[in-house]
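K.L.:
Return a 3D structure for these sequence lines:
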Amino acid sequence: MTFPQTSLFPGRPSRRTVLQASGAALAGLTGVGTAAAATGQARSAILFFLCGGSSHVDMWDMKPDAPSEFRGEFRPIATSADGVAICEHMPLLAREAKHLALVHGLTDGGQATGDHHAGYYFNLTGHAPDLSFRTQGNDRRPQPDDWPSIGCVVGARRPRHPSLPQTFTLPYRPSKPPYTRPGQFAGRLGRDHDPFFLKGDFADPLSFTVPDLVVEADGMRRLSDRRVLLESLDSLRRGLDHEAAVGTYSRQQQRTFELLAAAGTAGAFDIGREPASLRERYGPTINGTSLLMARRLVEAGVPFITVFWSEEDEVVSKKCASGGGWDTHAANFACLRDNLLPEFDRAFSALVADLADRGLLDSTLLLVTSEMGRKPRIGDPRSGGVKGAGRDHWTACMSVVFAGGGVRGGTVHGRTDPRGEYPAGTPVHPADVARTVYAALGITDLAAVDPLGRPYDLLDGGAVLPILG
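P.N.:
Sure, this is the predicted structure:
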């Protein structure tokens with residue numbers, strides 16, 4: 001007997017189309033679980049992680065007066081925020097800059113290793129990588145005693161949503177097993193706090209699946225009649241009660257069952273409910289639809305959603321001489337100009353504008369970050385040096401972007417030297433970013449207890465950045 005993974009969306013012939021049967025659509029979920037007693041203005045957060053290491057000096061912290069071997073090919077443009085300039089290849093986002101807070105000079109302080117694993121861990125958790133990252137590099141696997149991701153801490157500390165998981169990750173878990181990136185899980189908080197995973201499909205961006213759920217092969221048939229769907233949902237609920245009673249499934253599968261069995265969860269997953277014009281605004285890509293899905297989950301009251309930029313584009317991988325995404329070891333400017341920046345500009349500007357139009361931006365914190373910046377001096381030896389026009393990894397300096405959720409838009413915090421190589425003045429650290437997210441979401445209690453009953457703090461460093469209004 002086979003156990004196929006099936007789709008959350010209409011049009012896929014699977015038993016899980018029972019998700020379409022719920023009588024309560026997203027409208028019935030909006031606002032549920034968002035009335036948390038918290039001191040911060042934000043009720044939910046979306047973290048958009050630009051996998052690969054995005055170039056701060058070509059996007060946010062441009063240096064037009066630097067020597068040519070540093071400044072590159074792009075020029076800055078004015079934005080809707082006075083005195084704030086960003087890359088010319090993000091014109092749509094320039095219109096939304098009045099909502100953005102740019103943070104420059106984020107540095108690893110020499111505590112990271114320069115590889116992707118350490119960069120993910122540091123920027124997703126706010127904690128410096130331990131010695132094992134130096135000895136194992138990108139072979140280092142996630143460990144049970146790892147520090148939890150920012151999202152998992154938020155999920156563990158916010159009041160429990162009545163029907164949906166606390167945290168979601170989509171459209172994939174970086175990177176491909178067995179080289180899964182550390183830092184994206186709950187670690188020492190326990191697997192019960194791991195993010196709920198929605199898997200996207202690069203070839204079919206409107207399709208998401210739940211890999212943790214398996215169903216019988218004989219359930220593979222299309223259920224289009226509403227009465228049959230409702231009957232199937234009732235049957236599924238009874239079946240789930242039985243499975244839970246006999247303890248057949250893992251905790252992660254049980255969480256999936258609980259989600260499917262809960263009345264009123266279907267609408268949150270149905271992008272087909274969105275107007276075609278809005279779907280077009282986000283863009284017909286897996287990254288665009290993932291941000292649209294994230295906005296729907298915010299409407300449904302989910303506390304934290306992480307969207308990892310999909311690296312599955314083989315064209316970009318080959319062009320940039322890397323594993324994909326923002327890892328532009330070669331042809332940095334061509335990859336950014338022709339591929340990465342247009343898609344990012346379209347999708348992220350759509351998210352900001354969409355949230356603002358719906359009156360949700362003030363209560364939704366947005367954070368754009370990455371595992372590292374790119375080396376300001378052009379020319380990566382691995383791709384032919386200057387001729388290859390790439391930028392290598394650079395952990396000494398990067399930029400992050402905040403918006404919404406009590407953030408003072410149209411502002412810039414931090415600065416870097418004239419070449420964008422190092423922080424100038426007081427540097428910013430990943431712990432400061434984590435602390436700011438917690439503050440925006442009203443999370444002040446970070447005390448925890450280990451399995452032996454010993455108390456510890458989930459974040460014992462960092463300061464709230466002065467960007468919250």
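K.L.:
Could you use CA atoms for every contact and neighbour count after this?
P.N.:
Will do.
K.L.:
I'd guessed residue 164 sits against residue 299; true?
P.N.:
No - using C-alpha atoms under 8 Å, residue 164 makes no contact with residue 299, being 11.8 Å away.
K.L.:
more neighbours, the two?
P.N.:
Remark: of residue 164 and residue 299, residue 164 carries more neighbours, 26 against 22, as counted by other C-alpha atoms under 10 Å.
K.L.:
quick one: that one from residue 191, how far?
P.N.:
Applying C-alpha to C-alpha, to the nearest Å, the value for residue 164 to residue 191 is 16 Å.
K.L.:
Same check on residue 356?
P.N.:
34 Å.
K.L.:
Who has more neighbours out of these two?
P.N.:
Using other C-alpha under 10 Å, the more surrounded residue of residue 356 and residue 191 is residue 356, with 17 against 14.
K.L.:
tell me the SS of the more buried one?
P.N.:
Under DSSP: H, G, I helix; E, B strand; the rest coil, the three-state class of residue 356 is helix.
K.L.:
And for the closest residue to it other than its chain neighbours, the neighbour number?
P.N.:
Nearest non-adjacent residue to residue 356, counting by C-alpha to C-alpha, 6 or more residues apart in numbering: residue 362, 7.7 Å away. A count of nearby residues for residue 362, using other C-alpha under 10 Å, gives 18.
K.L.:
Check for me that residue 362 belongs to a helix.
P.N.:
Yes - assessed with three-state DSSP, residue 362 lies in a helix.
K.L.:
so residue 86 sits right up against residue 59, yeah?
P.N.:
Yes - counting by C-alpha under 8 Å, residue 86 does reach residue 59; the two are 6.0 Å apart.
K.L.:
Now do the contacts for residue 448.
P.N.:
Applying C-alpha atoms under 8 Å, 6 or more residues apart in numbering, we find residue 448 in contact with 455, 456, 457, 458.
K.L.:
now it, what's its secondary structure?
P.N.:
strand.
K.L.:
Likewise for residue 123?
P.N.:
Look at residue 123: counting by three-state DSSP, its state is helix.
K.L.:
How about residue 373: which residues does it bridge to?
P.N.:
residue 394 (DSSP bridges).
K.L.:
Tell me which residues of stretch 192-203 come out buried.
P.N.:
For stretch 192-203, a neighbour-count test (16 or more other C-alpha atoms under 10 Å) marks 193, 194, 195, 196, 197, 198, 199, 200, 201, 202 as buried.
K.L.:
Am I right that the residue nearest to residue 356 is in contact with residue 40?
P.N.:
No - if you go by C-alpha under 8 Å, residue 362 and residue 40 don't touch, sitting 10.8 Å apart.
K.L.:
Could you tell me which residues touch both of the two?
P.N.:
residue 406.
K.L.:
which one of residue 86 and residue 59 has more residues nearby?
P.N.:
Comparing residue 86 with residue 59 by neighbour count (other C-alpha under 10 Å), the higher total belongs to residue 86, at 23 against 20.
K.L.:
Would you confirm that that one belongs to a strand?
P.N.:
Yes - inclusion of residue 86 in a strand is indicated when three-state DSSP is applied.
K.L.:
gap between it and residue 410?
P.N.:
Residue 86 is 12 Å from residue 410, by C-alpha to C-alpha.
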